[in-house]
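Novice: Task: produce atomic coordinates for the following.
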Amino acid sequence: MKILIITHSLGAGGTERNVCNMANAWAANTREVTVITIASDEDDYYQLDAGVQRIALDLEQISVNLLAALGNNLRRIFSLRRAIRLARPDVVIAMMATSVCLARIATLGLQITVIGSERIHPPTLPLGAVWERLRRWLYPGLSAIVAQTERSADWLRNECGTANVVVIANSITLPLPSGKAPSLPPPQVTREQHSILAVGRLETQKGFDLLLEAFALLRVTQPLWHLIILGEGSARGALEQRVDTLGLSTCVHLPGNVGNTADWYDTADIFVMSSRFEGFPNALIEAMAYGLPVVSFDCETGPAEVIEDGSDGLLVRNGDVHALATGLATLMSDEALRHKLATQARESTQRYSAPRITAQWDALIDNLLNE
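Specialist: Predicted structure coming up:
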């Protein structure tokens, strides 16, 4: 079977990691796998196995106006169509809404099974008027859409008129592979002191500004704890300024992207997720699989599908800084509870193992090809 995956890039991010997990798993099972990215391969963060063919279109140009956007996207569509025809896949899987729309147009008339995959709860991240109209127009013509939660699936059925929507979560592959830019935790964190770890892009979505506010509330009563936020993004400057304003410069660390996230999971005592919204949080699942006790905002989709509150982690009211601080304080002050939640977390995340999730994708593809 020939599988072709289309995504924007293989830069640092949850979707990109999941693409690599899927492609590598299929290639290991004798599938012929091709990954096409709209962007170039210069900023690849995750690595594909040698058995996966990689095509980088290098068409990530910025559109300065509507006419430029039309021209850029037409070039992407024609390039995608050419690559798809050359690859002659049995199935095309497109990741994220804009890539799904481009893939659907590029495959018009080619009689190829096309699966779209939404990686976020759609209403939490509007695409803009043009892309939203395209989504509603093009999605009903897809062979299937994969959502990550039932709530997202319901939205796609109701808002896009898409009949065949299947819920498949992200997978995790342990141990996590090492990528670019390996880095060691700060030396003061690896000795007697404790650390809270957060992982994600430094963007408004991830709520790290709220996390800093919560951590500041705990600093006086928990002076031996450090907060580490792994990731990079446009909010770095604002977050660094907030760290200074809150007087946290000696205990909050922003190392950027690291290629050895597993080492940081191993060093941390607690994992925290402060996202305002999520699709399906890879970092949360990874942290739990590595045996970390977790506390997370109960945002609209994602964490509640992963965490059973009080059993394998703690959920707190979304956006409530004081509730987040209370949840963290509960774990920081109770080592026995941390151990209990961590043990259960490791067990509960086995349902996201790569073989189980790959089997769900295989079942979907087989059903579509046999219709």
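Novice: which ones are touching the closest residue in space to residue 277 that isn't next to it in sequence?
Specialist: For residue 277, the nearest residue in space outside its immediate sequence neighbours is residue 124; the separation is 3.9 Å by CB to CB, 6 or more residues apart in numbering. (Glycine included, C-beta is placed from N, CA and C.) Contact criterion CB atoms under 8 Å, 6 or more residues apart in numbering gives 277, 300, 301 as the residues in contact with residue 124.
Novice: Distance check, residue 124 against residue 279.
Specialist: Taking CB to CB, to the nearest Å as the measure, residue 124 and residue 279 are separated by 8 Å.
Novice: tell me which element residue 285 is part of?
Specialist: helix 282-289 (DSSP states H and E).
Novice: now residue 330
Specialist: helix 321-332.
Novice: starting at the chain centroid, how far to that helix?
Specialist: On the basis of CA atoms, centre = their mean, to the nearest Å, helix 321-332 is displaced by 24 Å from the centre of the chain it belongs to.
Novice: and that helix, which residues are buried?
Specialist: Neighbour-count burial for helix 321-332 flags 321, 323, 324, 325, 326, 327, 328, 329, 331, 332 (criterion: 16 or more other CB atoms under 10 Å).
Novice: From the recorded domain assignment, give the ranges for this protein.
Specialist: 2-171+353-369, 194-351 (automatic domain parsing).
Novice: Tabulate those (CSV), appending distance to residue 177 and mean pLDDT.
Specialist: Compiled in CSV, the domains of the chain are given as follows (distance: least, CB to CB, whole Å; pLDDT from 0 to 100):
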stretch, distance to residue 177, mean pLDDT
domain 2-171+353-369, 7, 92
domain 194-351, 9, 95
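Novice: circling back to that earlier point, what does the helix holding residue 285 contact?
Specialist: Contacts made with helix 282-289 from outside it, assessed by CB under 8 Å, 6+ apart, are listed as 14, 17-18, 170, 172, 174, 176, 197, 199-200, 261, 265, 268, 271, 273, 294, 296, 302-303, 306-307, 312-313, 345-346, 348-349, 352.
Novice: Buried members of those residues into PyMOL, please.
Specialist: To isolate in PyMOL the members of the contacts of helix 282-289 that are buried, counting by 16+ other CB under 10 Å, one can use:
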select buried, resi 14+17+18+170+172+176+197+199+200+261+265+268+271+273+294+296+302+303+306+307+312+313+345+348+349+352
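Novice: What residues does residue 264 make contact with?
Specialist: Applying CB under 8 Å, 6+ apart, we find residue 264 in contact with 185, 197, 199, 228, 230, 258.
Novice: farthest-separated two in these?
Specialist: With distance counted by CB to CB, no two of the contacts of residue 264 lie farther apart than 185 and 199, which are 12.9 Å apart.
Novice: Quick one: end-to-end distance for stretch 329-341.
Specialist: Taking CA to CA, to the nearest Å, the first and last residues of stretch 329-341 lie 15 Å apart.
Novice: Apologies, that question was intended for stretch 326-337.
Specialist: Stretch 326-337 has its terminal residues 14 Å apart, counting by CA to CA.
Novice: chain center to it: distance?
Specialist: Counting by CA atoms, centre = their mean, stretch 326-337 is centred 27 Å from the centre of its parent chain.
Novice: mind putting the contacts of residue 264 in a markdown table, secondary structure and distance to residue 116 included?
Specialist: Written out in a markdown table, the entries for the contacts of residue 264 read as follows (DSSP: H, G, I helix; E, B strand; the rest coil; distance: CB to CB, whole Å):
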| residue | secondary structure | distance to residue 116 |
| --- | --- | --- |
| 185 | coil | 39 |
| 197 | strand | 33 |
| 199 | strand | 27 |
| 228 | strand | 35 |
| 230 | strand | 30 |
| 258 | coil | 31 |
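Novice: Thank you, goodbye.
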